[in-house]
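Q: give me the fold of what follows.
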Amino acid sequence: MKVYIAGPMRGIPEFNFPAFFAAEAKLQAQGHECFNPARRDNEVHGTDISKGNETGDEDIAAAEHGFDLREALGADLAWICAEADAIFMLPGWKNSKGATAEQATAVALGLEIMGEDE
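A: Below you'll find the model as predicted:
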């Protein structure tokens, strides 16, 4: 199954990337193909944009790495719409504007909602 990983990033140390990578490893071990937005952000920018960003500040990522929220969220939602069979919700997702948009998109498309308990 193709699974998109969604969860809070902004305002969390290192954008919560460790939780995204742990979920990706868990899901892949279960045989799923994953879209990890943390991995995508790092691949797009050619470096780990989370390192040294202790407050998960989007402005710091934009200034240091050229991160663009509109571009990133657009690519994430496009993958959900075109590829995903399911979405995996990380803890805290209800407090994330991006993750709630991703979850709403998955619901609108009738995708399976997976996740960890809050």
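
Q: so which residue is smack in the middle of this protein?
A: What sits nearest the mean C-alpha location of the chain, by C-alpha atoms, centre = their mean, is Pro37, with 3.8 Å.

Q: Ile49: which element?
A: When elements are assigned from DSSP states H and E, Ile49 belongs to no helix and no strand.

Q: contact partners for the residue nearest to the centre of the chain?
A: Tyr4, Ile5, Ala6, Met9, Phe20, Ala72, Asp76 (C-beta atoms under 8 Å, 6 or more residues apart in numbering). No exception for glycine: its C-beta is placed from N, CA and C like everyone else's.

Q: same list (those residues) but as a markdown table, adding neighbour count.
A: As requested, those are exported to a markdown table (neighbours: other C-beta atoms under 10 Å):
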| residue | neighbour count |
| --- | --- |
| Tyr4 | 25 |
| Ile5 | 28 |
| Ala6 | 30 |
| Met9 | 26 |
| Phe20 | 24 |
| Ala72 | 19 |
| Asp76 | 23 |
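
Q: among those, which lie within strands?
A: Of the contacts of Pro37, the ones assigned to strands by DSSP state E are Tyr4, Ile5, Ala6.

Q: TSV please, covering the contacts of Pro37 and showing pLDDT.
A: Listed next are those as TSV, based on pLDDT from 0 to 100:
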residue	pLDDT
Tyr4	98
Ile5	98
Ala6	98
Met9	97
Phe20	98
Ala72	96
Asp76	98
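
Q: need those in CSV (columns: distance to Pro91).
A: Compiled in CSV, those are given as follows (distance: C-beta to C-beta, whole Å):
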residue, distance to Pro91
Tyr4, 16
Ile5, 12
Ala6, 11
Met9, 13
Phe20, 12
Ala72, 21
Asp76, 19
